[in-house]
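Novice: sequence unknown, structure follows:
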């Protein structure tokens, strides 16, 4: 029987694999997996540049796939694992989809909405709140981002 | 030559027409038009229930269409007209798409992110800000919402 932390590390490592896929196609490396009942329901990675679509962050890609699979706009009893702290749009989408729990990797001090700039997850004025656990395998996520931006600058 | 206010009223009336379409299909009546160079580039109305998709608010539908038309994740020099104050997800998407200006109808005291609960549009910590003009034809938008919820309660 795995502990919750072991599970969180396992699914975060899956999200990191997806972030690497994003990097391979020239996208800022962010990956996400959405887990329901200890199974991966949907995967996403950043596709903003490839699709030239402003909303195609890893989290939104995973949410769209999951909602299609469930044929429901609600994705209850789910945990979203994402390698970078969600931005406002993604935190808003997590709230809209009624996701219960978010585990993220690196903090985003410039745009993060789950603890850094904003704390959307525990705003008591909104009609849904979600649990957040941050800085899980943050070093791996940050390293990926750093090497991505470094290689882009040197081009 | 129309004044800016005349233009704003004209495009807001178009957004209200779309909100009515949403109501006709059982959706919370919110409509949006995205205008570039005094032309409507994209239209959207709330499709959350019809599509069972948590992100399909009117603003996102319009942003997705516009970005597809422009083949770009940036929608610069644009104004988004929407009958209800954008929520966090939509304000975040407006920010992501680098939209410059938002004109909205009714205030959303429970979830609005452009003046009510949050003021995402003028957060100097973010790397893009947008102008917001609220309460344009607010009475019409509010009436639509009120009759929608009234008719739903009576069912």
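Specialist: Happy to help now that I have it. The structure presented is a predicted model; accordingly, all values stated were derived computationally and were not measured. Numbers count the residues shown, from 1 in each chain, chains lettered A, B, ... in the order given.

Novice: list the buried ones in whichever strand or helix holds residue A:6?
Specialist: Following DSSP states H and E, one finds residue A:6 within helix A:4-24. Across helix A:4-24, burial judged by 16 or more other Cβ atoms under 10 Å in any protein chain shown covers A:8, A:11, A:12, A:15, A:16, A:18, A:19, A:21, A:22, A:23. Yep, even glycine has a C-beta here, placed from its N, CA and C like the rest.

Novice: how about the nearest residue to the residue nearest to the spatial centre of chain A, chain neighbours excluded?
Specialist: The residue lying closest to the centre of chain A (Cα atoms, centre = their mean) is residue A:82, at 2.6 Å. With Cβ to Cβ, 6 or more residues apart in numbering or on different chains as the criterion, residue A:82 has its nearest non-adjacent residue at 4.2 Å, and that residue is residue A:32.

Novice: paired strands for the helix or strand containing that neighbour, with orientation please.
Specialist: In the assignment (DSSP H and E), residue A:32 maps to strand A:31-36. Strand A:31-36 sits in its sheet next to strand A:39-45 (antiparallel), strand A:78-84 (antiparallel), going by DSSP bridges.

Novice: check what pLDDT residue A:116 gets.
Specialist: Here the pLDDT value assigned to residue A:116 is 98.

Novice: and it, how many neighbours does it have?
Specialist: By other Cβ atoms under 10 Å in any protein chain shown, 17 other residues sit near residue A:116.

Novice: from chain B, how far out is it?
Specialist: Residue A:116 sits 9 Å away from chain B, taking Cβ to the nearest Cβ, to the nearest Å as the criterion.

Novice: just name whatever secondary elements the helix-or-strand element of chain A with minimal mean pLDDT is in contact with.
Specialist: Every helix and strand of chain A was ranked by mean pLDDT, DSSP states H and E. The lowest is helix A:138-153, at a mean of 94. Applying 3 or more Cβ pairs under 8 Å, 6 or more residues apart in numbering or on different chains; DSSP states H and E, one finds that helix A:138-153 makes contact with helix A:4-24, strand A:78-84, strand A:101-106.

Novice: just send the ones you listed back as TSV, with distance to residue A:142 too.
Specialist: What follows is the helices and strands packed on helix A:138-153, written out as TSV (distance: least, Cβ to Cβ, whole Å):
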stretch	distance to residue A:142
helix A:4-24	11
strand A:78-84	9
strand A:101-106	5
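
Novice: let's have those in CSV, adding mean pLDDT.
Specialist: Putting the helices and strands packed on helix A:138-153 into CSV (pLDDT from 0 to 100) gives the following:
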stretch, mean pLDDT
helix A:4-24, 98
strand A:78-84, 98
strand A:101-106, 98
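
Novice: for residue B:40, which of these is the nearest?
Specialist: helix A:4-24 (33.5 Å; Cβ to Cβ).

Novice: ok now the closest one, how far from the chain's centre?
Specialist: Chain-centre distance of helix A:4-24: 10 Å, with Cα atoms, centre = their mean, to the nearest Å.

Novice: if we can go back for a sec, isn't the residue nearest to residue A:82 right up against residue A:41?
Specialist: No: with contact defined as Cβ atoms under 8 Å, residue A:32 does not reach residue A:41; the gap is 11.4 Å.

Novice: the two: who's more crowded?
Specialist: Set residue A:32 next to residue A:41 and count neighbours by other Cβ under 10 Å: residue A:32 wins out with 30 against 17.
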